[in-house]
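Visitor: pasting the sequence and the predicted model now:
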Amino acid sequence: MTNTQSIWAVVPAAGVGKRMQADRPKQYLPLLGKTVLEHTLTRLLQADVFAAVSVAISVEDPYWPELTISQDVRVFTAPGGKERADSVLSALRAIEDRARENHWVLVHDAARPCITAADIRLLIDTLQNDEVGGILALSSHDTLKNVDGDSILGTLDRTHIWRALTPQMFRYGRLKQALEASVGNPAVTDEASALELLGFQPKIVEGRPDNIKITRPEDLPLAQFYMEQQQ
Ligand SMILES: Nc1ccn([C@@H]2O[C@H](COP(=O)(O)OP(=O)(O)OP(=O)(O)O)[C@@H](O)[C@H]2O)c(=O)n1
Ligand SMILES: C[C@](O)(CO)[C@H](O)COP(=O)(O)O
């Protein structure tokens, strides 16, 4: 049985959503009667495994105080940063007086509202005794090509190519150290890449394919479809 007092959630929710081409950041777009962010936070809280949730929001964010969930005592906010990694680091620092070095942290994108409690628990149950931690990920079912411009340079071995999802699960101290060591590095687009740069080999746990990241306009109706199917 996992001690819920030793597991924290961090949610980067400070992006502007350029690729979504919407009138507001995508985490605040309406979806099945709530905002994307409210769905994501509600799913994390309903998993009933976290001591608290630290959410990074933009310092210019006018939307957060309007959300009912902003009053939830289990949810803390931190100022978002220039890049996703900066926002995650800021959210980690916001709980540094409560989280211990060996506590687990699960980092989950605000833009992934289709996450299920089962996949959250799968990641925790699989890795809670692991030395390093790891991530939910998806194997590749299509043939993968190495491309330059509009030309194919070759075909990749798909058995070694997985698509990283979130949550990504690492020990508080090591994750904070890895992100502090890689500040400003554009190659660090997820938490695992920061750990990899320190020589660690995070584990892969196969997750659900409906755990999509809302990135482009066509992703919002797809997320709605998946969430309706999950009910
Ligand atoms: N400086 C940033 C950039 C991104 N994010 C968060 O990281 C998650 C994944 O990032 P992405 O899908 O790239 O979101 P955006 O950066 O908002 O999208 P875009 O690149 O299209 O602007 C999102 O929940 C986003 O809110 C963040 O907290 N801080
Ligand atoms: C963290 C992530 O969702 C894993 O696939 C992805 O790296 C986020 O990338 P983005 O460019 O910040 O959306």
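Guide: Perfect, I can see it now. Ligands and ions are numbered 1, 2, ... in the order given.
Visitor: near ligand 1, which residues of this structure show up?
Guide: Residues of the chain found near ligand 1 (C-beta under 6 Å from any ligand atom) are 12-19, 27, 56, 80-84, 87, 109-111, 213, 215. Placement of C-beta: from N, CA and C, glycine included.
Visitor: give me the buried stretch members for stretch 82-95, please.
Guide: For stretch 82-95, burial by neighbour count (16 or more other C-beta atoms under 10 Å) applies to 83-95.
Visitor: low-confidence stretches in the chain?
Guide: Along the chain, segments meeting pLDDT under 70 span 1-5.
Visitor: show me where it has helices.
Guide: Secondary structure of the chain (DSSP state H): helices located at 36-46, 84-93, 117-127, 172-181, 191-197, 219-230.
Visitor: closest to ligand 2 out of these?
Guide: Nearest to ligand 2, of all those, is helix 84-93, at 4.5 Å by C-beta to the nearest ligand atom.
Visitor: residues making contact with that closest one?
Guide: With contact meaning C-beta atoms under 8 Å, 6 or more residues apart in numbering, helix 84-93 is reached by 10-15, 54-56, 78-81, 99, 105, 107, 172, 175-176, 179-180, 182-183, 185, 188-189, 191, 194.
Visitor: of those residues, list those near ligand 2.
Guide: Among the contacts of helix 84-93, proximity to ligand 2 is found for residue 189 (C-beta under 6 Å from any ligand atom).
Visitor: buried subset of the contacts of helix 84-93?
Guide: Taking 16+ other C-beta under 10 Å as the criterion, what is buried in these is 10-15, 54-56, 78-81, 99, 105, 107, 172, 175-176, 179, 182, 188, 191, 194.
Visitor: could you tell me which of these are located in strands?
Guide: Using DSSP state E to define strands, the subset of those located there is 10-13, 54-56, 78-79, 105, 107.
Visitor: which of the residues you listed lies closest to residue 40?
Guide: Closest to residue 40 out of those is residue 11 (6.6 Å), distances taken as C-beta to C-beta.
Visitor: nearest to ligand 1: which residue in the chain?
Guide: Closest to ligand 1 within the chain is residue 15: 2.1 Å, counting by C-beta to the nearest ligand atom.
Visitor: ok, that residue - contacts?
Guide: With contacts defined as C-beta under 8 Å, 6+ apart, the neighbours of residue 15 are 25-27, 58, 80, 84, 87, 110-111.
Visitor: give me the number of residues near residue 142?
Guide: For residue 142, the neighbour count with other C-beta atoms under 10 Å is 6.
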